[in-house]
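[1] What shape does this take:
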Amino acid sequence: MAAPTAEDVETYLGDTSYTTEEIGAALAAEKAAQGARCRVPADDATWPEDLAEALKRRVARNLSLRNLPLAQLEGDADVGLITPRVVDAEVRRLEGPHRKLVFG
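    Okay, here's the model as predicted:
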């Protein structure tokens, strides 16, 4: 599988109001972030499917959090503000086998 493109992410997101430029910018940022945390292929044509799926989910999360001030969701009278988790559990699971191990 090839590395996801902005068009692939648009398909993944479905009906959305984000522009191709916004999706492309988020994709570039998340691809760099994923590359810093994981062993990714140097060749964009040979990406494992789990890394590609995790990258699309990273972009979806990036875009959804852009519209939240301080990245907090409104709760109710009992809960108050809810802060999303720092790491998406599904991204962590998909990227797990490809994580860089740091020693020392």
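[2] And the helices in the chain, which stretches?
    6-13, 20-37, 49-66, 89-95 (DSSP state H).
[3] Residue 103 is nearest to which of the ones you listed?
    For the helices of the chain, the distance to residue 103 is smallest for helix 20-37, at 15.5 Å, taking CB to CB. In short, each C-beta sits where N, CA and C put it, glycine included.
[4] List the buried residues of that closest one.
    Neighbour counts over helix 20-37 (16 or more other CB atoms under 10 Å) mark 22-27, 30-31, 34 as buried.
[5] now, the most widely separated pair of the residues you listed?
    The widest separation within the buried residues of helix 20-37 (CB to CB) is 18.3 Å, between 22 and 34.
[6] what about the closest residue in space to residue 29 that isn't next to it in sequence, how many neighbours?
    Nearest residue to residue 29, sequence neighbours excluded (CB to CB, 6 or more residues apart in numbering): residue 62, at 6.7 Å. Residue 62 has 17 neighbours, counted by other CB atoms under 10 Å.
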